[in-house]
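**Student:** give me coordinates for this.
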Amino acid sequence: MDDHRTPFLTAEWRYLAMLNYPVDAKALAPMLPAGTELDLRQGRAYVSMVGFLFLNTRVLGVPIPFHRNFEEVNLRFYVRRKAEAEAGWRRAVVFVKELVPRRAIAWVARTVYGENYQALPMRHELERDGEAPRRVMYAWTFGGREHRIEMKVQGLSQPLAPGSEPEFIAEHYWGYTKGRDGCTTEYRVEHPPWRAWTATEAKLDCDAGALYGPAIAEALAAPPASAFLADGSAVTVYKGVVLDTAP
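**Tutor:** Alright, predicted model coming up:
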């Protein structure tokens, strides 16, 4: 069976706070999975700090006790790959590092997908006006202090405008992982299009150098080029496939 059609994980991803930063493409080159190339917007590469809630999580259809609902914060960048069976490109994300509060979750992600997951103490805050979010905060403890992503929004959520920066950031349905052996794993992610609120305030308080290295830390030291809160949805992550990326 084609593993791209075999669900591995189902969940809901909710209240995705996305802070987006232009970055020197040279800083990402060492992390680029074989067979992919950077996906640029108007000639620039981007990284995004993303905090969100993982809810109602099931692995192979089975809920894991005490591991269904949790926070995640990740740093990611954007690539694309020309698949032989398709006329266009598969636009995708590559994760630099993903933070979660449960060691078992981190272990599964490292083992199954080879992703760079790290388990740290985490918490979140969510303030609403009725059903509408107004402030979200995702925090994690590392190096003896708390780090955080914080965002405020107002008004109503809107569909992601075609061709906009939020659409470029949010609309990706593939992921690639660079394995320790140099092989590339490809996996598919399925969810409906999201709606989003534009941030009125967005703040990253993080020792990015300690977590991600000096090259990326330089990009994260500047204010984000854009920031928005996506509502999220139910998602399905399919089993990964190791690609033949030999030259």
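**Student:** biggest strand in this protein by residues?
**Tutor:** strand 7-23 (DSSP state E).
**Student:** tell me which other helices or strands that one touches.
**Tutor:** Applying 3 or more C-beta pairs under 8 Å, 6 or more residues apart in numbering; DSSP states H and E, one finds that strand 7-23 contacts strand 45-59, strand 132-142, strand 145-153, helix 165-170, strand 195-205, helix 214-220, strand 226-238. Where C-beta positions appear, they are placed from N, C-alpha and C, glycine not excepted.
**Student:** did I read that right, Pro192 in a helix?
**Tutor:** No. Using DSSP: H, G, I helix; E, B strand; the rest coil, the assignment for Pro192 is coil, not a helix.
**Student:** that one: neighbour count?
**Tutor:** 8 (other C-beta atoms under 10 Å).
**Student:** before we move on, what about Glu115?
**Tutor:** For Glu115, using other C-beta under 10 Å, the count is 21.
**Student:** before we move on, what about Met122?
**Tutor:** Met122: 21 neighbours (other C-beta under 10 Å).
**Student:** residue contacts, the residue lying closest to it once chain neighbours are set aside?
**Tutor:** Distances taken as C-beta to C-beta, 6 or more residues apart in numbering place Pro101 nearest to Met122, at 4.0 Å, with adjacent residues excluded. Going by C-beta atoms under 8 Å, 6 or more residues apart in numbering, Pro101 touches Phe70, Glu71, Ala119, Leu120, Pro121, Met122, Trp140.
**Student:** Met18: which of these is nearest?
**Tutor:** Taking C-beta to C-beta as the measure, Met18 lies nearest Glu71 of those, at 14.8 Å.
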